[in-house]
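**Q** I need the structure of the sequence given here:
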Amino acid sequence: MSSFKTHRSIDIRRLRRDKTFQIDFTASAEDCEEIKGRLDLVSLKKVVLRGEIKPLGKTDWQLDAQLGATAQQSCVVTLDPVTTRVDASVLRHYVANLDIPDGATEVEMPEDDTQEEIPQLLDFIELISESLAIELPDFPKAEGIEFTPVQVAQPGVDPMTDEDTKPFASLAALKTQLEGDKDGK
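**A** Below you'll find the model as predicted:
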């Protein structure tokens, strides 16, 4: 078994197919700054990726790791820092011959969303950035903050509600009105 401790990236295509490789990557301060910039974070620290990459069949590879990180994002309401601790599994299947037609601009999402074409270089910073983007809250809120819907309309006009935006809300209201008219006759 071999280990990658300080390497930021590895060339999967050059790995020996008869071994499992241990990954023990701790992001440096510079690495954290790069990821922080990519994800528009307030701060990022304690970023660790530990696991293994092993051969899968004759040509493919499987990465199975644990990601740990502490990130701060801005609250979407107050802009105060919101701290999130991420402890997540990272699973990827790197496939040698993923069926992507040449020149295709759109490709259907595979059923197994862990599958990817084997990259020229497996960049741990890229992998961590992608995994954190999935794991971190899309709309971080400071503790105790509630979203309050804002309703605005011109004077004399009732503001539009969430119920009004439902596709069949006006048809249901019309149906109710018509049924009421029938009953009243």
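
**Q** could you list the low-pLDDT ranges of the protein?
**A** Applying pLDDT under 70 to the chain flags the ranges 1-6, 98-112, 164, 167, 169-170, 181-185.

**Q** gap between the residue nearest in space to the middle of the chain and Lys36?
**A** The centre of the chain sits closest to Ile134, judged by C-alpha atoms, centre = their mean, with a distance of 1.6 Å. With the distance defined as C-beta to C-beta, to the nearest Å, Ile134 ends up 16 Å from Lys36. In this view, the C-beta of every residue, glycine as well, is placed from N, C-alpha and C.

**Q** next: Leu171.
**A** To Lys36, Leu171 is 48 Å away according to C-beta to C-beta.

**Q** helices of the chain, start to end?
**A** Shown for the chain, the helices assigned by DSSP state H span residues 29-39, 124-135, 169-184.

**Q** could you dump those helices to CSV with distance to Ala69?
**A** As requested, the helices of the chain are arranged in CSV below (distance: least, C-beta to C-beta, whole Å):
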stretch, distance to Ala69
helix 29-39, 8
helix 124-135, 6
helix 169-184, 43
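
**Q** to Val76, which of the ones you listed lies closest?
**A** Comparing those against Val76 with C-beta to C-beta, the closest turns out to be helix 29-39 (14.7 Å).

**Q** and the angle from that closest one to helix 124-135?
**A** 40 degrees (axes from the mean of the first three to the mean of the last three C-alpha atoms, to 10 degrees).

**Q** what lies in contact with helix 29-39?
**A** Residues lying outside helix 29-39 but in contact with it, judged by C-beta atoms under 8 Å, 6 or more residues apart in numbering, are 8, 27, 41-45, 47, 71, 125, 128-129, 132-133, 136.

**Q** which two in those are spaced the farthest apart?
**A** Taking C-beta to C-beta, the two most distant members of the contacts of helix 29-39 are Arg8 and Val42; they sit 23.5 Å apart.

**Q** before we move on, the earlier item: between Leu171 and Lys36, which is the more surrounded one?
**A** Lys36 (19 against 10; other C-beta atoms under 10 Å).

**Q** all strands of the protein, in order?
**A** Listed in chain order, the strands of the chain (DSSP state E) span residues 2-4, 9-10, 21-26, 43-56, 60-74, 81-95, 115-117, 122-123.

**Q** tabulate those in TSV, adding columns for mean neighbour count and distance to Ala142.
**A** Supplementary listing: the strands of the chain in TSV, determined by neighbours: other C-beta atoms under 10 Å; distance: least, C-beta to C-beta, whole Å:
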stretch	mean neighbour count	distance to Ala142
strand 2-4	13	38
strand 9-10	17	36
strand 21-26	18	29
strand 43-56	17	15
strand 60-74	19	9
strand 81-95	16	6
strand 115-117	14	35
strand 122-123	19	33
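
**Q** from Gly156, how far out is Gln62?
**A** Applying C-beta to C-beta, the value for Gln62 to Gly156 is 63 Å.

**Q** kindly apply the preceding question to Lys46 instead.
**A** When C-beta to C-beta is applied, the distance between Lys46 and Gly156 equals 56 Å.
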